[in-house]
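Asks: can't give you the sequence, but here's the structure:
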């Protein structure tokens with residue numbers, strides 16, 4: 001069992017974590033609370049870049065669906081005539097300084113999610129631990145609004161709008177802060193968010209908007225072949241998911257009538273040929289994030305499944321309205 005799987009079992013299957021993790025959670029909460037207090041009281045300064053900043057983040061670690069939501073938001077803003085750019089940390093990459101990401105960059109250098117964002121959105125993407133400096137690269141690139149993929153707790157970058165994404169199935173896990181639970185901040189933090197989005201699940205939080213992740217096709221990792229995902233119905237496939245919640249991907253495939261042999265991998269795992277190649281002739285389906293790391297080791301049986309964020313029309317208008325309102329307030333100097 002991987003370390004991530006061990007923690008997931010504690011966070012999502014046990015109501016009470018091991019007692020020896022609790023002191024670490026209390027220390028984490030004290031440090032996180034102190035840091036936020038220092039920024040709130042302006043004892044530490046947040047940097048405000050010349051453009052409006054929209055943060056899409058979460059309270060917990062692991063996959064909640066924020067990256068598909070960032071792609072959705074960037075596309076909607078572009079449709080309205082804006083020139084958005086995306087800033088992200090570049091987690092999993094070795095780059096030590098801020099930089100713009102190219103679609104052909106190596107994921108080992110700039111991280112897998114940043115390449116996914118660059119390829120999917122077609123807009124400038126900047127990475128770096130220093131998010132204000134990375135955001136300045138987007139200013140220099142001619143963007144007029146910045147969307148931050150994650151960074152809700154990165155208070156060094158001032159923001160004009162906060163969107164918090166919650167996994168509708170996992171919710172807040174056992175309710176504990178890291179490492180005894182999955183939370184970076186307590187649910188009380190939601191009160192200061194501009195919008196709350198619940199990804200999937202059977203029940204919404206009060207005042208939250210509902211989002212679904214939809215998958216309709218599978219694309220070959222070699223060449224340009226594509227086919228409807230439903231064509232795999234009735235078949236048994238190997239499914240690779242190196243994301244925060246692999247079971248979400250497996251269940252999505254099962255919903256299309258596909259028999260899944262699941263191979264969960266740690267989030268952002270650096271995959272090798274042995275991780276994606278099997279002795280039988282079954283098709284291999286993987287997430288889009290995993291695919292960016294596997295093109296050079298893939299064969300004709302390897303496919304990836306892109307997912308798209310989807311809202312009811314009325315709720316998409318509400319969410320986009322919140323964002324546009326924040327942009328207009330910034331432009332008016334409010």
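Replies: Noted; the coordinates are in hand. Keep in mind that this is a model prediction, so the values were computed, not measured. Numbers count the residues shown, from 1 in each chain.
Asks: what stretches of the stretch 151-300 of the chain score poorly on pLDDT?
Replies: 202-203 (pLDDT under 70).
Asks: Recalculate using a threshold of 80.
Replies: The stretch 151-300 of the chain contains residues with pLDDT under 80 at 201-204.
Asks: for it, what spans make up the helices?
Replies: Remark: helices assigned in the stretch 151-300 of the chain by DSSP state H, counting those that start in this stretch are 246-254, 273-276, 288-291.
Asks: any idea which of the ones you listed is most buried?
Replies: For those, the largest average neighbour count (mean count of other CB atoms under 10 Å) is found in helix 288-291, namely a mean of 25. C-beta coordinates here come from the backbone N, C-alpha and C atoms, glycine included.
Asks: helix or strand right after that helix?
Replies: strand 302-305 (DSSP states H and E).
Asks: Please name every helix or strand in contact with that next one.
Replies: Packing partners of strand 302-305 (3 or more CB pairs under 8 Å, 6 or more residues apart in numbering; DSSP states H and E): strand 217-220, helix 246-254, strand 284-287, helix 288-291.
Asks: Which stretches in the stretch 51-200 of the chain count as strands?
Replies: 53-57, 84-88, 99-100, 125-127, 145-149, 161-167, 195-199 (DSSP state E, counting those that start in this stretch).
Asks: Show me which positions of the first one end up buried.
Replies: By neighbour count, with 16 or more other CB atoms under 10 Å as the criterion, the buried positions of strand 53-57 are 53, 54, 55, 56, 57.
Asks: Sort out which one of these lies nearest residue 68 for me.
Replies: Using CB to CB, residue 56 comes nearest to residue 68 of the buried residues of strand 53-57, at 10.0 Å.
Asks: follow-up on the earlier one: which among the buried residues of strand 53-57 gets closest to residue 19?
Replies: residue 57 (30.0 Å).
Asks: Near the nearest residue to residue 92 once chain neighbours are set aside, how many other residues are there?
Replies: Nearest residue to residue 92, sequence neighbours excluded (CB to CB, 6 or more residues apart in numbering): residue 268, at 3.8 Å. When counting by other CB atoms under 10 Å, one arrives at 18 neighbours for residue 268.
Asks: Spit out the contact partners of residue 268.
Replies: 91, 92, 111, 112, 113, 242 (CB atoms under 8 Å, 6 or more residues apart in numbering).
Asks: ok so, going back, for residue 81, find the nearest of the helices and strands packed on strand 302-305.
Replies: helix 288-291 (27.2 Å).
Asks: I'd like to know which elements that closest one is packed against.
Replies: For helix 288-291, the elements it packs on are helix 112-121, strand 302-305, judged by 3+ CB pairs under 8 Å, 6+ apart.
Asks: Among these, show the one with the smallest mean pLDDT.
Replies: The stretch with the lowest mean pLDDT among the helices and strands packed on helix 288-291 is helix 112-121, at a mean of 94.
Asks: centre of the chain versus that one, how much separation?
Replies: Centroid separation for helix 112-121 versus its chain: 11 Å, with CA atoms, centre = their mean, to the nearest Å.
Asks: Including distance to residue 143, could the helices and strands packed on strand 302-305 go into CSV?
Replies: Converted to CSV, the helices and strands packed on strand 302-305 look like this (distance: least, CB to CB, whole Å):
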stretch, distance to residue 143
strand 217-220, 28
helix 246-254, 31
strand 284-287, 27
helix 288-291, 23
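Asks: Nearest to residue 25 among the ones you listed would be which one?
Replies: Closest among these, using CB to CB: helix 246-254, at 24.3 Å.
Asks: who wins for most neighbours among the contacts of residue 268?
Replies: For the contacts of residue 268, the largest number of neighbours (other CB under 10 Å) sits with residue 113, at 30 neighbours.
Asks: I'd guessed that residue sits against residue 127; true?
Replies: No: using CB atoms under 8 Å, residue 113 makes no contact with residue 127, being 9.3 Å away.
Asks: can you list residues touching both of these two?
Replies: With CB under 8 Å, 6+ apart applied, the overlap between the contact sets of residue 113 and residue 127 consists of 88, 90.
Asks: How is the chain divided into domains?
Replies: When the chain is parsed with automatic domain parsing, its domains come out as 3-82+144-211+312-331, 216-306.
Asks: Check the separation of the first and last residues in the shortest one.
Replies: The first residue of domain 216-306 is 8 Å away from its last residue (CA to CA, to the nearest Å).
Asks: and it, how far out from the chain's middle?
Replies: The answer for domain 216-306 is 18 Å, by CA atoms, centre = their mean.
Asks: on that earlier part again, nearest to residue 121, out of the domains of the chain?
Replies: domain 3-82+144-211+312-331 (4.6 Å).
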